[in-house]
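Novice: mind looking at a prediction? Sequence and model below.
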Amino acid sequence: MRADRLIALLIFLQSRERVTAAQVAAELEVSLATARRDLEALSAAGIPVYVQAGRGGGWQLVGGAQTNLSGLSLYESRALFWLLGTAGLSSPETRVATMKLIQALPQSMRTEADRLATSIHYDHAAWGEQSSEAAVGLDRLRDAVVQRRSIIVSYTSRGGDRDQLQLRPLGLVAKSGIWYLVADGARGRRTYRVSRLEEVAGTDEFFDEPADFELTSYWKFHTETVEGLRSEVAALLRVPNWIAPILQKQFGRYCRVQSRGDEGRLTVEVRANLVVALAEQLAGWGKQVEVLAPPALRVELARIGAELIRQHGSAPKQD
């Protein structure tokens, strides 16, 4: 008896109070004789299934079809389907797998799992942001990670340079809807944005997972490094109280209230990777924001202001 047919038969038995051999044959698309042999093999293997002869009889699981084929407890099932949400039903492949798992649960857990799978939805794009970018070749990358198989890719850097690389894929990370590949290669261990990978091709070269690699630890270190680079330049601002929450929304973790002053004003620290980046983000606030430091930021804001006056200080020329 094939293992996949065994599982299908167990799920079918669990979903019905009692089944006949003819119903099993129709469900599994096998002959009536094969259905009877499968049911008898199931019983001989120690599965708690028994047959009741006569009119209205049939095969059923002992205990009213409450066998938990998935092995999940109520709390484990709840945690799993809360995590999955509607993502488990988002594609034909995951939909089939999710529904099989739901059907494998006892009836007492099945209703809750089904509701979680259809009633919890995660949308990782913030208001005003575009939907997450498509990750071309993600299936091939996933297979390479699982198989520990080297790949050859064409990668276009942020600056537009394109290189052909041979990589040993170690893991995939989705951050705010954007996929990243962590891989070893000639340049060492690096992170690659999946949307910049093209022509992903597998090789016949397999590799062992490095003993010093653990994905969550690597990603934590990587994000801390990137966040550090994105916040090298600090500026002190004096702003009205009402602006502070908006700046905190605008700059996120790179905004911190330093002190409270007189007349309803605050001293706030904001950070970015470059002085010009800070100036561009603050220019729209006009006189509401007073820059206390650094002087270079004041100079850059003055330059932007002068540029705006030259561009918009007079009526536009008619063509």
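Specialist: Arrived safely, thanks for sending.

Novice: did I read that right, Leu308 in a strand?
Specialist: No: under DSSP: H, G, I helix; E, B strand; the rest coil, Leu308 sits outside any strand and is assigned helix.

Novice: give me the distance between it and Gln281.
Specialist: From Leu308 across to Gln281, the span is 15 Å (Cβ to Cβ, to the nearest Å). Quick note: C-beta positions are derived from backbone N, CA and C, even for glycine.

Novice: those two: who's more crowded?
Specialist: Gln281 (16 against 11; other Cβ atoms under 10 Å).

Novice: that one against Ala272, yeah?
Specialist: Yes: using Cβ atoms under 8 Å, Gln281 and Ala272 qualify as a contacting pair, with a distance of 6.9 Å.

Novice: if I look at Arg265, how far off is Ile152?
Specialist: 58 Å.

Novice: between the two, who's got more neighbours?
Specialist: Arg265 (17 against 14).

Novice: ok, the more buried one to Leu74 distance?
Specialist: Taking Cβ to Cβ, one finds Arg265 at 54 Å from Leu74.

Novice: likewise Val96?
Specialist: From Val96 over to Leu74 (counting by Cβ to Cβ), the distance is 24 Å.

Novice: the helix or strand hosting Val268: partners in the sheet, and parallel or antiparallel?
Specialist: Assigned by DSSP states H and E, Val268 belongs to strand 265-272. Applying DSSP bridges, strand 265-272 is found paired with strand 233-240 (antiparallel), strand 255-260 (antiparallel).

Novice: output the helix or strand just after that strand as PDB, restricted to C-alpha atoms.
Specialist: Next along the chain after strand 265-272, taking DSSP H and E as the criterion, comes helix 275-282. C-alpha atoms of helix 275-282 as PDB (Å, rounded to 0.1, in the frame of the first residue of the first chain):
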ATOM      1  CA  VAL A 275      23.600  65.300   5.400                       C
ATOM      2  CA  VAL A 276      21.900  65.900   2.100                       C
ATOM      3  CA  ALA A 277      19.400  63.100   2.900                       C
ATOM      4  CA  LEU A 278      18.500  64.800   6.200                       C
ATOM      5  CA  ALA A 279      18.100  68.200   4.400                       C
ATOM      6  CA  GLU A 280      15.800  66.700   1.800                       C
ATOM      7  CA  GLN A 281      13.600  65.200   4.500                       C
ATOM      8  CA  LEU A 282      13.500  68.400   6.600                       C
END
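
Novice: who's in contact with helix 275-282?
Specialist: 233, 235, 237, 250-251, 270-272, 289, 291, 294, 296-297, 300-301, 303-304 (Cβ atoms under 8 Å, 6 or more residues apart in numbering).

Novice: and if you look at stretch 256-274?
Specialist: 229-241, 244, 247, 251, 254-255, 278, 281-282, 292.

Novice: measure it end to end?
Specialist: Using Cα to Cα, to the nearest Å, the end-to-end distance of stretch 256-274 comes to 18 Å.

Novice: buried residues, it. List them.
Specialist: Buried residues in stretch 256-274, counted by 16 or more other Cβ atoms under 10 Å: Arg265, Leu266, Thr267, Val268, Glu269, Val270, Arg271, Ala272.

Novice: how far away from the center of its chain is stretch 167-180?
Specialist: 9 Å (Cα atoms, centre = their mean, to the nearest Å).

Novice: could you do stretch 81-101 as well?
Specialist: Distance, centroid of stretch 81-101 to centroid of chain: 14 Å (Cα atoms, centre = their mean).

Novice: do the same with stretch 217-228
Specialist: Its chain's C-alpha centre and that of stretch 217-228 lie 17 Å apart, by Cα atoms, centre = their mean.

Novice: that older thread, please indicate which of the contacts of helix 275-282 are buried?
Specialist: Buried, going by 16+ other Cβ under 10 Å: 233, 235, 237, 251, 270-272, 289, 291, 297, 300-301, 304, out of the contacts of helix 275-282.
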